[in-house]
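1. have a look at this prediction, sequence included:
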Amino acid sequence: MPVERTVRLTNKFGLHIRPAAKIVDLALKCKSEIFILKDTQQANAKSIIELATLAAPYGTLLSIRSDGADAEGVVAAIEQLINSKFGEE
């Protein structure tokens, strides 16, 4: 069953390479497909290049969407990472 949550980027510099790498690290540990969505754009959370193309600054709303056996856990982990401001502040 698909899982989706929406979160707001509250870290000062938004989704730049360092936070994107942290998302990829989490996503690569899961078996489920996982995507990060911004408006009409969709990026595979297992691809740092795709995440970087979202160009998501501070305050952007992102949706985390996953489908698979471990979908709930990985969505919760990425949501927590984003809410923790990626440990940057």
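-> That came in fine, so what should we check first? Numbering: from 1, shown residues only.
2. for the spatially most central residue of the chain, name its beta-bridge partners.
-> Centroid-nearest residue in the chain: Ile36, 5.0 Å away (criterion: CA atoms, centre = their mean). Note on Ile36: beta-bridge partners Ala43, Ile64, judged by DSSP bridges.
3. surely it is in contact with Leu54?
-> Yes. Between Ile36 and Leu54 a contact is recorded at 6.6 Å, counting by CB atoms under 8 Å. All C-beta atoms are positioned from the backbone trio N, CA, C, and that covers glycine.
4. now the common contact residues for those two.
-> Counting by CB atoms under 8 Å, 6 or more residues apart in numbering, the common neighbours of Ile36 and Leu54 are 43, 62.
5. SS state for Ala55?
-> Put simply, Ala55 is coil when judged by DSSP: H, G, I helix; E, B strand; the rest coil.
6. got the phi/psi numbers for it?
-> phi 50, psi 60 (degrees, to the nearest 10).
7. show me where this protein has helices.
-> 17-28, 48-52, 71-83 (DSSP state H).
8. residues of the shortest one that come out buried?
-> In terms of neighbour count (16 or more other CB atoms under 10 Å), helix 48-52 has its buried residues at 48, 50-51.
9. likewise for stretch 13-21?
-> 14-16, 19-20.
10. got it, and stretch 60-74?
-> So for stretch 60-74, counting by 16+ other CB under 10 Å, buried means 60, 62, 64-66, 71, 74.
11. any idea how far apart the tips of that stretch sit?
-> One end of stretch 60-74 sits 20 Å from the other (CA to CA, to the nearest Å).
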